[in-house]
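Participant: Would you be able to build a 3D model of this:
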Amino acid sequence: AVNTGDVLIAMSGATTGKVGRYNESQTSILNQRVGKFVSIKDKSDLGFVFQFLKTEYFQNEVLSNSPGGAQPNISGKDIERVKHSFPSFSEQKKVANFLTEIDQKIDLAWSTLEQTKAFKKGLLQKMFV
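Facilitator: Residues are numbered from 1 along each chain as shown. Take a look at the predicted model:
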């Protein structure tokens, strides 16, 4: 089952290695080619794990070992082989909170940019009618 806040990773296909967080309120079923990360109580913070999975380092490591031609595939073992060292649990929480705040600001900036582009497009359409 997939619950709010779970960290997921695409295990095959064109989106192999892409990570995301499940933000819906209802529980869903996990597809067999989607991996789910589980935190270890007081050892790993899912927010920190999510940020780590988005790093260029992790993406390069996991994808460089993925078999397959046009449609790569990764396994849980491939993910487990990626070498890493995490700071203490409390430090992970601080880093995750800081990076999450930055992500929220980036999302807001993108949203504002898209709204401004749409406004500009509307003005241009009115101008040349």
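
Participant: give me the element the residue nearest to Ile79 when sequence neighbours are not counted is part of.
Facilitator: Closest residue to Ile79 apart from its sequence neighbours, by CB to CB, 6 or more residues apart in numbering: Val62 at 6.0 Å. C-beta coordinates here come from the backbone N, C-alpha and C atoms, glycine included. Following DSSP states H and E, one finds Val62 within helix 56-64.

Participant: Can you give me the buried ones in the next helix or strand after that helix?
Facilitator: Downstream of helix 56-64, the first helix or strand assigned by DSSP H and E is helix 76-80. Along helix 76-80, these residues count as buried under the neighbour rule (16 or more other CB atoms under 10 Å): Asp78, Ile79.

Participant: packing partners for the helix or strand following helix 76-80?
Facilitator: Toward the C-terminus, helix 76-80 is succeeded by helix 89-127 as the next helix or strand (DSSP H and E). Using 3 or more CB pairs under 8 Å, 6 or more residues apart in numbering; DSSP states H and E as the contact criterion, the neighbours of helix 89-127 among helices and strands are helix 46-53.

Participant: The helix it packs on relative to helix 89-127, how many degrees between them?
Facilitator: 70 degrees (axes from the mean of the first three to the mean of the last three CA atoms, to 10 degrees).

Participant: can you count the residues close to Val34?
Facilitator: One way to gauge burial is a neighbour count; for Val34, by other CB atoms under 10 Å, it gives 16.

Participant: Chain neighbours aside, what residue packs nearest to it?
Facilitator: The shortest distance from Val34 to any residue other than its chain neighbours is 5.4 Å, reached at Leu8 (CB to CB, 6+ apart).

Participant: before we move on, what about Asn97?
Facilitator: Closest residue to Asn97 in three dimensions, ignoring its sequence neighbours and counting by CB to CB, 6+ apart: Gly47, at 7.0 Å.
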